[in-house]
Structure formats: C-alpha cells, structure tokens
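J.: Requesting a structural model of the entry that follows:
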Amino acid sequence: MGVSGRGDCCSQFVKYGMFISNLIIFLGGAVVFVISLITLVDRNFLSELLGTNLFSGSVYALLITSAAVCLLAFFGCFGAVKEIKFMLLTYFILLFLIFVTMLIGGILGYVFREKVELTMKQEMYSSIKLYGTRRQVTTAWDITQTRLKCCGVESFRNWQGKLPFSCCQEIDRDGIQRKPCQDNPTLSNTYNNGCYEVGAAFIRDRANVIGASGIIVALLMIFGMVFSCIFFNMIE
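T.: Numbering: from 1, shown residues only. Just a heads-up that it's a prediction; the model follows:
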C-alpha cells in the first residue's frame, strides 16, 4: 500500500502540508488548553458569585477538546507516515467532530458571557446577605474584593452593616496592612469600584480571549481535514 503514481512531488507536498498543518493544530490546541486551564483556575475565586455554570461549561468543553486536538495531531502525523487510509479516515472523522465541538465552545464562550454578567449581579446581591454566615460565600467575597480591589456589588454602601476588612484599601502590597475603614468607610479608605463592574470586566476579557482562541484553532483544523482528504484519495 502506498501513494499512487500521480506524482511523487505532489504526494510529498501533501504529506509535508499535513505535517505542518498538524504541527500548527497541535500548537494551537496546546495554547487553548493552557488558556482554558488558567481561566478555570483564575476565576475560581469568583465561582460562588457567578450564579451560573454556563461560562465554566464552555471553558471545560474547550479544555477537553483542546487536549484531544493535541493527541489527534500526533495521530494524523502517524497516519500520514504509514500511509494508512483507515487511519486517515478516522483522523478526518475525529477531527471534524472536535472541530464542531471546539467551534461551538468558542462561540458559547462569547454568548454566555452576557448571561454570566446578568446572573452574577443577581447572585452578588443575594450572597452579600450571607456574608459571615456561610464560609464559602465569606471567603469568595473576601478573595474577590482583595483580588479585584473592589467593594460591595456597586459600592461600599451595599454593605449595610460593618464593612469587611477586605474592602479597606491596602497600605502594603501583601494586603496585610490596610487603612481603617470598617467603622467609618469613605472613598479615601475603601476600594471605590463595585465588584460587579470589575468582575464583569474580568469575565468578559477572559471570555474574549478563550472564545477567540477556540474559534481560531477550530478554523485551523480545516486545513488538517483538507490535507487528510487529499492524501486519502492519493493512496491506492
């Protein structure tokens, strides 16, 4: 079994083209995997305040499919070297399925960010009442306010009782020393931005990056499918 006599030059071009396209697909899949992983870890402190798992679901979908893309890229290269039609056909089918999944995941990352922003505001107003009574909610608010340098949902006035220590402006970089703000909060000793505005921007920026990277890699996979089809037809 081998390449038919349609031209060694043409067959070598297609084979190298498949190698290069798979290398690019592998690198793209690796980039999406890293970005997805960082996004999941980085937004973990906001998980209790999002109020929905839609955004997380799209990121998980991209994480899994990007890992599968990296493995499939090796599979495609091996099929090209061995010139096995069955492997090339299997590669094309799997690549197409992952292409659809990754493209949908990338699009959902954009679509669901609006839903996330809406539910996040509602969840923040609901969870702020549970501060101090539920450990997970308390930790989420403290980490969010410290990390994003914000206070309350829209301002420190959302805290109708005593302000959390995490609302006070930091004096040192470690956040150990802060301005006294809990008993007499003002714009000069508390974080001025609300956590909804800052948190929504935080999610939106990451949704843009991961959505764009997923769509770009999905489009790059088209080249892998094209070369696999051409090479499949050239093998006797």
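J.: Would you quantify the distance from residue 172 to residue 155?
T.: Note on residue 172: its distance to residue 155, by CB to CB, to the nearest Å, is 24 Å. For the C-beta atoms, the positions are set from N, CA and C on the backbone; glycine is no exception.
J.: who has more neighbours, those two?
T.: Per other CB atoms under 10 Å, whichever of residue 172 and residue 155 has more neighbours is residue 155, with 19 against 8.
J.: Model confidence for the more buried one, exactly?
T.: If you check residue 155, the pLDDT there is 89.
J.: Wait, a helix at residue 151?
T.: No. Residue 151 is assigned coil when assessed by DSSP: H, G, I helix; E, B strand; the rest coil, not a helix.
J.: Assess the claim that it and residue 189 are in contact.
T.: No. Counting by CB atoms under 8 Å, residue 151 sits too far from residue 189 to count as a contact (10.3 Å).
J.: So between those two, which is more surrounded?
T.: Neighbour comparison, residue 151 and residue 189: the larger count goes to residue 151, with 29 against 17 (by other CB under 10 Å).
J.: Just give me the residue right at the centre of this protein.
T.: residue 36 (3.5 Å; CA atoms, centre = their mean).
J.: show me the contacts for the residue nearest to residue 24 when sequence neighbours are not counted.
T.: Spatially, and ignoring its direct neighbours in sequence, residue 24 is nearest to residue 220 (5.8 Å; CB to CB, 6 or more residues apart in numbering). Applying CB atoms under 8 Å, 6 or more residues apart in numbering, we find residue 220 in contact with 21, 24, 25, 28.
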